[in-house]
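Engineer: Just a sequence and a predicted model for now, questions to come.
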Amino acid sequence: MDHTIVPTRYWHRRPDGRVQCDLCPRHCRLHEGQRGLCYVRQRLDGEVRLVSYGRSSGFCVDPIEKKPLNHFYPGSRVLSFGTAGCNLACKFCQNWDMSKSREMDTLSDDASPQRLARAARELDCRSVAFTYNDPVIFMEYALAIAAACRERDVRTVAVTAGYIDPQPRREFFAGMDAVNVDLKAFTERFYHEICGAHLAPVLETLEYIRHETGCWLEITNLLIPGRNDAEAELDAMTRWVVAQLGPDVPMHFTAFHPDWKMRDVPPTPPATLRRAREIALANGVRYAYTGNVHDAAGSSTFCHNCGERLIERDWYRLGAWELDDAGRCRRCGSAVPGYFEGPPQHLQTRPLRVRLS
């Protein structure tokens, strides 16, 4: 068998002769040779197999804030990579060249789990991030990398839409240290018409991560003018987050730019992001951020108790640091949830493309 093709567990045979993939709520039903919508899970010899194992669309050393994660070792370096394909069909995809890619031959063949973990250590990366396309669809590969990273004291980060079935959900998130879930909207209509998916499974994933795992969780909401930026929707979303997940889950409201199949929609005005942040804070979200725009106040971390600025951010550049060694506010002593190791010694503010030899 090709080393890039490996067996998978989450599927079953149907009475009609097709094989159903049980990884995500899409439940693709496949004849021999067919691939699911994600493109990387294919029926071969009567089984569903992953055909992108050990292959990547490229590697980049990023600041962890770019994921975005603001409470998971702030200022640290993360080795980011993805593969090809996706199990959603978002018309606004801003990584469409990778997530919609069907050119498997362009992927690197030198990305074994052990090599990736070793590279993270060599590049002084605190963590490895599965990003650019959704790691759910290559979970066998991601979990093998996570195991190799754990042996070298390297953390793993999943940047995901959270569109996964309950059984594989348990296995996948058991291997992750931190997760940023892209909550794309708070209406079924948006998920159905623009993403080709459903909202409920994503909300279930968020609740599962928050209450049933040890993963650090943050949420991103990309605001698209006229599609998911209504104040009533933002109010309902942020109220749900506080009620179901708690006030300490950070939320990132990020700016859309025209891309893929939504090039006729204008960019998100900065005022929309600031208003979303205000709504979140008013509804009890303690750590709300703006992203993809220049907004030093909106990207900095403040104490929820006394209002002190604890971590100053300007884009990905960190400034003043007012947390003590235990991750508490130096002014009032309130604890800040997350993972902190003190101010970074060698701050990286720009992505750095790397090649693994």
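Structural biologist: That came through fine. Residues are numbered from 1 along each chain as shown.
Engineer: got a list of contacts for stretch 279-295?
Structural biologist: The contact list for stretch 279-295 (C-beta atoms under 8 Å, 6 or more residues apart in numbering) reads 68, 70-71, 220, 231, 234-235, 238-239, 241-242, 247-255, 257, 268, 270, 273-274, 276-277, 298-299, 301-302, 304, 314-315. Where you see a C-beta, it was placed from the backbone N, CA and C, and this is true even at glycine.
Engineer: In helices only, show me the residues you listed.
Structural biologist: Counting by DSSP state H, the contacts of stretch 279-295 place 231, 234, 235, 238, 239, 270, 273, 274, 276, 277, 298, 299 in helices.
Engineer: Is there a quick PyMOL command that grabs whichever of these are buried?
Structural biologist: Selection of the buried residues among the ones in helices among the contacts of stretch 279-295 in PyMOL, burial being defined by 16 or more other C-beta atoms under 10 Å:
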select buried, resi 234+235+238+239+273+274+276+277+298+299
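Engineer: With distance to residue 53 and pLDDT added, can I get the ones in helices among the contacts of stretch 279-295 in CSV?
Structural biologist: Listed next are the ones in helices among the contacts of stretch 279-295 as CSV, based on distance: C-beta to C-beta, whole Å; pLDDT from 0 to 100:
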residue, distance to residue 53, pLDDT
231, 45, 98
234, 39, 98
235, 43, 98
238, 39, 98
239, 41, 98
270, 41, 96
273, 38, 98
274, 43, 98
276, 39, 98
277, 40, 98
298, 39, 98
299, 36, 97
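Engineer: Spit out the contact partners of the closest residue to residue 163 other than its chain neighbours.
Structural biologist: Excluding its sequence neighbours, the residue lying closest to residue 163 (C-beta to C-beta, 6 or more residues apart in numbering) is residue 24, at 5.2 Å. Residue 24 is in contact with 38, 87, 136, 137, 163, 164, 165, 168, 201, counting by C-beta under 8 Å, 6+ apart.
Engineer: Then the third one would be within a helix, right?
Structural biologist: Okay, so that is residue 136. Yes: using DSSP: H, G, I helix; E, B strand; the rest coil, the secondary structure at residue 136 is a helix.
Engineer: Once you drop chain neighbours, what's closest to it?
Structural biologist: Leaving aside its chain neighbours, residue 136 sits nearest to residue 164 (4.8 Å; criterion: C-beta to C-beta, 6+ apart).
Engineer: Roughly how far does the one you found sit from residue 255?
Structural biologist: 27 Å (C-beta to C-beta, to the nearest Å).
Engineer: So these two - more neighbours on which side?
Structural biologist: Between residue 164 and residue 255, counting by other C-beta atoms under 10 Å, residue 164 is the more crowded of the two (28 against 19).
Engineer: That one touches residue 23, doesn't it?
Structural biologist: Yes: with contact defined as C-beta atoms under 8 Å, residue 164 and residue 23 form a contacting pair (6.7 Å).
Engineer: shared neighbours of those two, anything?
Structural biologist: residue 136.
Engineer: and stretch 35-45, how far apart are its ends?
Structural biologist: Separation of the first and last residues of stretch 35-45 by C-alpha to C-alpha, to the nearest Å is 13 Å.
Engineer: in that stretch, what counts as buried?
Structural biologist: Residues of stretch 35-45 classed as buried by neighbour count (16+ other C-beta under 10 Å): 35, 36, 37, 38, 39, 40, 41, 42, 43, 44.
Engineer: List the residues that contact residue 120.
Structural biologist: Shown in contact with residue 120 (C-beta under 8 Å, 6+ apart): 79, 127, 128, 149, 152, 154.
Engineer: buried ones in the host helix or strand of the fourth one?
Structural biologist: Translated: residue 149. Assigned by DSSP states H and E, residue 149 falls within helix 139-151. Buried residues in helix 139-151, counted by 16+ other C-beta under 10 Å: 139, 140, 141, 142, 143, 144, 145, 146, 148, 149.
Engineer: ditto for stretch 152-170
Structural biologist: Residues of stretch 152-170 classed as buried: 154-165, 168-169 (neighbour count, 16+ other C-beta under 10 Å).
Engineer: Among those, which pair sits farthest apart?
Structural biologist: 154 and 165 (27.8 Å; C-beta to C-beta).
Engineer: if we can go back for a sec, closest to residue 58 among the ones in helices among the contacts of stretch 279-295?
Structural biologist: Nearest to residue 58 out of the ones in helices among the contacts of stretch 279-295 is residue 299 (C-beta to C-beta; 26.0 Å).
Engineer: The residue nearest to the closest one when sequence neighbours are not counted: neighbouring residues, count only.
Structural biologist: Leaving out its chain neighbours, the residue that sits closest to residue 299 by C-beta to C-beta, 6+ apart is residue 313, at 4.2 Å. Neighbourhood size, residue 313 [other C-beta under 10 Å]: 23.
Engineer: Thank you kindly, that will do.
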